[in-house]
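Enquirer: give me the fold of what follows.
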Amino acid sequence: MKKFDVIIIGGSYAGLSAALALGRSLRKVLVIDSGLPCNRSTPHSHNFLTHDGERPADIAEKAKAELLAYETVKFQNGMALSGRKTEKGFEIITQEGETFYGRKLIFATGISDVLPDIPGFAECWGISVIHCPYCHGYEFRGRTTGIIANGDKAFHLVSLVRNLAPAPVILTSGQAAFTAEQSARLEKYGIRVIEEEITEIAHENGWVRQVIIRSGERVDFEAVYAALPFTQHSGIPASLDCELTEHGYIRTDAFQKTTVNGVFACGDNAGMMRSVANAVAGGSMTGAMVNAELAREEFS
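Expert: Model prediction:
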């Protein structure tokens, strides 16, 4: 079966949640998934009711198993390579050369973090070099904590982390870019700012021990937050002329619709709140909105 009501590109939490909503409405759905979620190196997921502390992969496997009960939901392992608009919807071609057709399209493709070229960083990413106080902060409460960020991002992160770690240290890895007011606030609360370039993250099996800076100083840490730039994991939304926000996310309205008719987006690719719970909620909303749009078209 090559024709579907909806094609969902991305089979992690947002995509699976959207598929569940659509499958329960008897929509013919295809989920295309490359099997490379952005949190694949994270040992545990948190802040998601009934799944707090579970392995992210276990949550996804359980979700896929539940979806197999819905006969109209199909899975395709592989990478969606290109897409184009047709008279009746959309055509998607995979890396394996297969072509699928859908009346509606949902991107749940996530984002790709751009990791700095710092020895040890990649090995620690998602384990003890982390991105979100809500997802990981409780587990690192009271630990010696660093923040790799600068300017507004660093200032925002330190305000959240101070409640979890007593004396966080900001590592700007270059000249600090704080306003006079921000600098005064950091000084007021005794927040150390290290501007020297980071040369290495010393670790044991992904667990941070020290951050080494250009002068040779080795600063002890047990956890490090990092605010990283990112790119969209899939280039298909841009090829279909979906607009991005000033921060690089796919622009959507309150109903997860993109700027292209018939195309929706949910999960990390469409918003800055990166968590399993948020992805599931966004996917459920998206599935319902796509079903509603199909229903209106069929009932006109």
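Enquirer: hey, let's count contacts and neighbours off CA atoms from now on
Expert: Will do.
Enquirer: now do the SS call for K88.
Expert: Classification of K88 using DSSP: H, G, I helix; E, B strand; the rest coil returns coil.
Enquirer: just checking, it touches R103?
Expert: Yes: the pair K88 and R103 qualifies as a contact (C-alpha atoms under 8 Å) at a distance of 6.2 Å.
Enquirer: from one end of stretch 94-105 to the other, what's the distance?
Expert: The first residue of stretch 94-105 is 14 Å away from its last residue (C-alpha to C-alpha, to the nearest Å).
Enquirer: repeat for stretch 15-29
Expert: Per C-alpha to C-alpha, stretch 15-29 runs 11 Å from first to last residue.
Enquirer: avg pLDDT for that stretch?
Expert: Averaging pLDDT along stretch 15-29 gives 97.
Enquirer: residues in contact with it: which ones?
Expert: Applying C-alpha atoms under 8 Å, 6 or more residues apart in numbering, the contact partners of stretch 15-29 are 4-9, 31, 63-64, 67, 70-74, 106-108, 266-267, 280-288, 290-291.
Enquirer: who are the contact partners of I250?
Expert: Going by C-alpha under 8 Å, 6+ apart, I250 touches 237, 242-244, 258, 265, 269-271.
Enquirer: parallel or antiparallel, list what pairs with the longest strand anywhere in the chain.
Expert: Across the chain, the longest stretch assigned as strand under DSSP state E is strand 99-107. Applying DSSP bridges, strand 99-107 is found paired with strand 3-9 (parallel), strand 90-94 (antiparallel), strand 263-265 (parallel).
Enquirer: following that strand in sequence, what is the next regular element?
Expert: Following strand 99-107 in sequence order, the next helix or strand is strand 111-113 (DSSP states H and E).
Enquirer: and whichever helix or strand comes after that next one, what does it pack onto?
Expert: The C-terminal neighbour of strand 111-113 among helices and strands, as given by DSSP H and E, is helix 121-124. Applying 3 or more C-alpha pairs under 8 Å, 6 or more residues apart in numbering; DSSP states H and E, we find helix 121-124 packed against strand 198-204.
Enquirer: quickly run through the sheet partners of the strand it packs on, with directions.
Expert: Looking at strand 198-204 with DSSP bridges, its partner strands are strand 207-213 (antiparallel).
Enquirer: higher neighbour count, K88 and R103?
Expert: More neighbours surround R103 than the other of K88 and R103, with 19 against 10 (other C-alpha atoms under 10 Å).
Enquirer: correct me, but that one touches V263?
Expert: No: applying C-alpha under 8 Å as the test, R103 and V263 come out as separate, 9.4 Å apart.
Enquirer: which ones are touching the residue nearest the centre of the chain?
Expert: For the chain, D268 is the residue whose C-alpha lies nearest the centre (C-alpha atoms, centre = their mean; 3.6 Å). Residues counted as contacts of D268 (C-alpha under 8 Å, 6+ apart) are 108-111, 274, 279.
Enquirer: any chance of CSV for these, columns pLDDT, neighbour count and distance to Y134?
Expert: CSV is the format used below for the contacts of D268 (pLDDT from 0 to 100; neighbours: other C-alpha atoms under 10 Å; distance: C-alpha to C-alpha, whole Å):
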residue, pLDDT, neighbour count, distance to Y134
A108, 97, 33, 22
T109, 96, 32, 22
G110, 94, 29, 19
I111, 93, 20, 19
R274, 83, 17, 9
A279, 92, 27, 14
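Enquirer: which of those residues lies closest to S82?
Expert: Set against S82, the nearest of the contacts of D268 by C-alpha to C-alpha is T109 (13.1 Å).
Enquirer: for the stretch 51-200 of the chain, what spans make up the strands?
Expert: Ranges of strands within the stretch 51-200 of the chain are 73-77, 80-85, 90-94, 99-107, 111-113, 129-130, 145-148, 169-171, 193-194, 198-204, based on DSSP state E, counting those that start in this stretch.
Enquirer: turn those into JSON lines, columns for distance to V224.
Expert: Output for these, formatted as JSON lines (distance: least, C-alpha to C-alpha, whole Å):
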{"stretch": "strand 73-77", "distance to V224": "34"}
{"stretch": "strand 80-85", "distance to V224": "34"}
{"stretch": "strand 90-94", "distance to V224": "38"}
{"stretch": "strand 99-107", "distance to V224": "31"}
{"stretch": "strand 111-113", "distance to V224": "16"}
{"stretch": "strand 129-130", "distance to V224": "5"}
{"stretch": "strand 145-148", "distance to V224": "4"}
{"stretch": "strand 169-171", "distance to V224": "9"}
{"stretch": "strand 193-194", "distance to V224": "14"}
{"stretch": "strand 198-204", "distance to V224": "10"}
